[in-house]
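Participant: Just a sequence and a predicted model for now, questions to come.
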Amino acid sequence: MPHAATIDGTRIAYQVRGEGQPLVLLAGQSNNHTCWDPIRSDFEGHRTVTLDWRGTGASDKPDEVYSTRGFAQDVVAVLDDLGLNSANIYGTSMGGRVAQWLAIDHPERIDALVLGCTSPGAAHGYERSQEIRKALADPARTDRVLLELMYTPGWLAQNPGPYYVLGDTSMPSYAKGRHLVASNRHEAWDGLPSITAPTLILHGSDDIFSPAANAQLLADRIPGARVELIEGARHAYFHEFRSVASPAVLAFLAAQDRTQHGA
């Protein structure tokens with residue numbers, strides 16, 4: 001598996017599949033590239049690029065401060081290692097937070113931007129309720145608590161697993177903590193108006209893990225951004241409602257490609 005070397009010497013594992021216009025897929029907090037396995041085939045026709053965040057998968061796991069802005073630098077290192085001047089970026093949850101920093105700090109590297117089930121940060125965004133926070137922090141909780149925030153009961157009843165959004169089980173405990181802090185400290189509000197990439201914002205209408213109101217909040221802050229709410233979907237809309245979400249992403253990317261190339 002190839003690795004990219006970051007500015008600080010950390011090795012970031014990445015994976016490439018397919019041919020076509022590059023599409024970088026960025027997973028949520030504490031998840032590695034396998035989060036995309038259930039739907040990666042939806043993006044055939046694109047050269048899909050995934051990576052293992054530092055602290056996960058086959059990447060290095062330094063015990064130091066992580067940040068969403070720093071994760072964005074790791075993505076740039078992967079692009080550089082692949083010789084890609086630019087790419088389409090699709091990030092969900094914490095991956096969407098990282099994608100915001102990519103678009104702010106490296107506008108020339110992004111052809112089109114898709115932000116899924118994410119927020120601008122706690123200071124200005126809509127946060128999950130205290131009840132949810134307590135449930136997630138309870139040492140006695142089971143993965144079921146998290147799964148019910150991700151998927152509808154009907155879908156869970158029909159899909160016994162495996163699930164791909166519960167985090168990388170091989171992560172050291174310190175790395176899980178570093179990821180949590182990085183996501184919680186995300187704050188990109190001031191930089192959002194500077195984003196120049198064409199932007200699509202996707203969100204499940206019934207998402208209370210990252211409340212759906214964040215979608216319009218981001219759209220109002222990012223010039224020209226467009227929102228698509230996926231009715232009935234929770235946080236992991238991209239899995240359960242893939243028949244709606246993946247075509248929406250593909251249609252958006254195709255439209256941007258036509259615009260950029262005058263076709």
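Facilitator: It's in. Numbers count the residues shown, from 1 in each chain.
Participant: in the sheet, who's paired with Arg11?
Facilitator: Ala5 (DSSP bridges).
Participant: number of nearby residues for it?
Facilitator: By other CB atoms under 10 Å, 16 other residues sit near Arg11. Quick note: C-beta positions are derived from backbone N, CA and C, even for glycine.
Participant: That one reaches Ser59, doesn't it?
Facilitator: Yes - using CB atoms under 8 Å, Arg11 is in contact with Ser59, at 6.4 Å.
Participant: Need the residues touching each of the two.
Facilitator: Shared contacts of Arg11 and Ser59, defined by CB atoms under 8 Å, 6 or more residues apart in numbering, comprise His3.
Participant: Please list the residues outside whichever strand or helix holds Phe252 that contact it.
Facilitator: Counting by DSSP states H and E, the element that carries Phe252 is helix 242-261. The contact list for helix 242-261 (CB under 8 Å, 6+ apart) reads 21, 23, 38-39, 42-43, 45-46, 88, 90, 111-112, 114, 116, 198, 200, 202, 228, 230, 233, 237-238, 263.
Participant: Could you tell me which other helices and strands the lowest-mean-pLDDT helix or strand in the chain packs against?
Facilitator: In the chain, no helix or strand scores lower on mean pLDDT, DSSP states H and E than helix 130-137, which sits at a mean of 84. On a contact count with 3 or more CB pairs under 8 Å, 6 or more residues apart in numbering; DSSP states H and E, helix 130-137 meets helix 143-150.
Participant: The next helix or strand after the helix it packs on - contacts with which helices or strands?
Facilitator: Once helix 143-150 ends, the next helix or strand along the chain (criterion: DSSP H and E) is helix 153-158. Of the remaining helices and strands, none touches helix 153-158 by 3+ CB pairs under 8 Å, 6+ apart.
Participant: So for helix 153-158, what gets flagged as buried?
Facilitator: Neighbour-count burial for helix 153-158 flags 155-156 (criterion: 16 or more other CB atoms under 10 Å).
Participant: again with stretch 42-53
Facilitator: So for stretch 42-53, counting by 16+ other CB under 10 Å, buried means 42-43, 46-53.
Participant: now, which of the contacts of helix 242-261 lie within strands?
Facilitator: Mapping those onto strands (DSSP state E) picks out 21, 23, 46, 88, 90, 111-112, 114, 116, 200, 202, 228, 230.
Participant: and the nearest residue to Pro2 once chain neighbours are set aside, what is it in contact with?
Facilitator: In space, and not counting its chain neighbours, Pro2 is closest to Tyr14: 6.0 Å by CB to CB, 6 or more residues apart in numbering. Residues in contact with Tyr14 (CB under 8 Å, 6+ apart) are 1-4, 33, 49-52, 78, 81-82.
Participant: what does Ala135 give?
Facilitator: Contacts of Ala135 (CB under 8 Å, 6+ apart): 141, 145.
Participant: and stretch 66-78, average pLDDT?
Facilitator: Averaging pLDDT along stretch 66-78 yields 98.
Participant: nearest to Tyr163, of the ones in strands among the contacts of helix 242-261?
Facilitator: Closest approach to Tyr163 among those (CB to CB): Gly116, at 17.3 Å.
Participant: Wait, the closest one touches Tyr237, no?
Facilitator: Yes - at 7.2 Å, Gly116 counts as touching Tyr237 under the criterion of CB under 8 Å.
Participant: Need the overlap of contacts for those two.
Facilitator: Common neighbours of Gly116 and Tyr237 are listed as 202-203, 245 (criterion: CB under 8 Å, 6+ apart).
Participant: which among those residues gets closest to Asp138?
Facilitator: Taking the shared contacts of Gly116 and Tyr237 together and measuring to Asp138 by CB to CB, the closest member is His203, at 26.3 Å.
Participant: Chain neighbours aside, what residue packs nearest to the closest one?
Facilitator: What sits nearest to His203 in space, not counting adjacent residues and going by CB to CB, 6+ apart, is Ala215, at 3.8 Å.
Participant: check contacts around the one you found.
Facilitator: 201-203, 227, 229.
Participant: so how far is Pro193 from it?
Facilitator: 17 Å (CB to CB, to the nearest Å).
Participant: Ok, Asp74 next?
Facilitator: 25 Å.
Participant: That's all I had, so thanks and see you.
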